[in-house]
Each structure stands twice: as structure tokens, then as C-alpha cells.
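quick one: sequence plus predicted model below, questions after.
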Amino acid sequence: MIRTRFAPSPNGPLHLGHAYAAIVAHDLAREQGGEFLLRIEDIDGTRSRADLVPEIIADLEWLGLTWDGPVVFQSSRLASYGAAAERLKALGLLYPCQCTRAEVLAAARETGPDGPVYPGTCRGRAVNPDGVAWRLDMAKAAALAGPLEWIDALAGPQVALPEQFGDVVLLRKEAPASYHLAATLDDAADGITLVTRGQDLFAASHVHRLLQALLGLPVPTWHHHLLICEPDGRKLAKRRGSPALAVLRRGGEDGRSVAQALRMDQFPTGLCLGAGVGIEA
Ligand code: GLU
């Protein structure tokens, strides 16, 4: 049975782009008699806002979406992230990194899908492992896993190319786990068979496929959908003027009609579907 999910980070209010993502995942599950889960990705202590969670739930209900089982919170799963990191450390695949963001930027010589590629400054260095980030030794990890493939339902078979990210952070200083580690573990724990999300996260799936291989996790299929974009081709963003769903909801708009329009690719003036110009992840 197919099982999809919508996994918002409660860092800001949901807008039409989020509504579109939620509807795609919801409808793919419902059309096939499958299940749709709601997972709140709330482990970024510096950005996550608990007060937005009831708003997100109200927004999705207003759109007429239903989900199966209780809402899942990443913050309830920290132990599983730590345990997975310990396994990777035991394999000699993680190393502590004390570089600041500024140092990474200054040292980087290439740009990858997530931005500047870390050149491995702390790899092989004696770094006090307290209160630092832990990075994946990408070359070692990719060699251990061997060649990998994954399937995007829209783009077709893909050869996994996680090396383009360099040594990604898996455990953060300011959050218990990185997006890559937490999302990969959660999709496995939630039994997700079709990872449905926007094209801005397409490249991240190369890393997730590698983590699945290293941790012995089941391999889902992916479905990276187009994004609602602004007239300049950039991904719709709240800060550039897209109204929050909560504003439309409180303004008396009918959420089911909003959802129906999105299903028919009818967007407010100027907005259209696209791949998102200049997206980095
Ligand atoms: N939490 C991520 C976001 O809000 C989505 C993660 C995912 O779908 O894998 O952008």
C-alpha cells in the first residue's frame, strides 16, 4: 500500500506553495487508496515555532485534507537520530567539525546543491567532539555503499551522486540532527513508500539514498513535484509577498475552493508552476 507524507517545518506560516505540496502528497495517496501522514519537522531549535503547529493543522483542515494516524513530531524522535549517528560513528564515517559558517564559506572552493561545499578542513584533525557538528566523510561513505540508484516517479531512474554535496553535516551544533539524517530516518520509521516533496529538494535525495544504504533502511520511490513560482521564476516565498494560508482562512476564503483551484493548476495572477530558478537544495 502506498504511503505518502507532508512534512512541514514550523519555521513560518504555510503559504500556497506548502498547500500545493500537501495536496499533491495527499491526493497521490488517496487516489490509490493509500495513506497520508502529517509530520512536523520541529527540531531546529533556533527557527522552529511551537505556536505555528495548531495553525498548520487548521490550514490543512481548511483545505479539506485528512491524514492517517496521529501527527508525528520529529522532536519525539531524537533518540533514534542519536542512535543512527552512533552507528555511523562506529563505522568511522563521521568526524567532528568545529568550523564556523564563515570559515566554511571562506574555505569552500566549489558550490554544491546545498551551497558551498565543505573542503574537509577538520577531517583527520584532532577536534574536541563536545558541542560541535558531525560531518559525514562522503568519499568513505560512498565507497562503502558502492554504486546506488533511486527512482523519481516523474524524472525516472537516477544514479545516486551524493558526492556533489561534500561532507554534509548530520548532527548540528544547534539542532539534534540535520534535515538529511532526520528526514531519512523518519521516512523509514513512518513506512513512507513514496517520498513526495518539491523539486527544490530533488538533489537531497542523493544523500538520503546513501544514508538508507549505510543504515540498512528500506528504499522508497520519490516524487519531486514542480513548485509554485513567482513571475521571476523563483520559488514562491512568504517573505516575497505570498499570503499566509492563515490570512486567507481568517479572511473568510473557502479553503476547499482554494485547494480545488490548486489541483487544477489555477494560481493567483503571475504565479505558475516551475522548477524554481536558483534553488540550491
Ligand atoms: N521540512 C521540509 C520543508 O519544510 C520538507 C522536508 C521533506 O519533505 O522532505 O521544506
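Received it, and whenever you're ready, just let me know what you need.

going forward, measure contacts and count neighbours with C-alpha atoms only.
Noted.

and the helix ranked longest in the chain, which residues are buried?
In the chain, with assignment by DSSP state H, the single longest helix is helix 16-31. By 16 or more other C-alpha atoms under 10 Å, the buried positions in helix 16-31 come out as 16-30.

and stretch 218-234, by the same measure?
For stretch 218-234, a neighbour-count test (16+ other C-alpha under 10 Å) marks 218-220, 222-230, 233-234 as buried.

equivalent analysis for stretch 235-253, please.
Using 16+ other C-alpha under 10 Å as the test for burial, stretch 235-253 gives 235, 236, 237, 242, 244, 245, 246, 249.

okay, the second one: pLDDT?
Residue 236 carries a pLDDT score of 89 in this model.

of all of the stretch 101-250 of the chain, which residue lies closest to the ligand?
With C-alpha to the nearest ligand atom, the shortest gap between the stretch 101-250 of the chain and the ligand falls at residue 197, namely 4.7 Å.

that residue: neighbouring residues, count only.
Per other C-alpha atoms under 10 Å, the neighbour tally for residue 197 reads 24.

that one contacts residue 23, doesn't it?
No. Using C-alpha atoms under 8 Å, residue 197 makes no contact with residue 23, being 10.6 Å away.

how about the residues of the chain by the ligand?
For the chain, the residues in contact with the ligand (C-alpha under 6 Å from any ligand atom) are 7, 8, 9, 41, 183, 197.

count the residues that sit near the fourth one.
Counted by other C-alpha under 10 Å, the residues lying close to residue 41 total 21.

and what of the second one?
As a burial measure, residue 8 scores 19 neighbours (other C-alpha under 10 Å).

now do the fifth one
Here the count is done by other C-alpha under 10 Å, and residue 183 has 19 residues near it.

does it sit in a helix, a strand or a coil?
helix (DSSP: H, G, I helix; E, B strand; the rest coil).

what are the ranges of the helices in the stretch 1-150 of the chain?
Counting by DSSP state H, counting those that start in this stretch, the stretch 1-150 of the chain has helices at residues 16-31, 53-62, 78-90, 101-107, 138-145.

likewise for the stretch 151-281 of the chain?
Along the stretch 151-281 of the chain, counting by DSSP H, counting those that start in this stretch, helices occupy 179-189, 204-215, 245-250, 255-263.

tabulate the ones you listed (JSON lines), appending mean pLDDT.
Shown next, in JSON lines, are the helices of the stretch 151-281 of the chain (pLDDT from 0 to 100):
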{"stretch": "helix 179-189", "mean pLDDT": "98"}
{"stretch": "helix 204-215", "mean pLDDT": "98"}
{"stretch": "helix 245-250", "mean pLDDT": "97"}
{"stretch": "helix 255-263", "mean pLDDT": "98"}
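
now render the ones you listed as a markdown table, adding distance to residue 138.
Listed next are those as a markdown table, based on distance: least, C-alpha to C-alpha, whole Å:
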| stretch | distance to residue 138 |
| --- | --- |
| helix 179-189 | 13 |
| helix 204-215 | 9 |
| helix 245-250 | 39 |
| helix 255-263 | 39 |
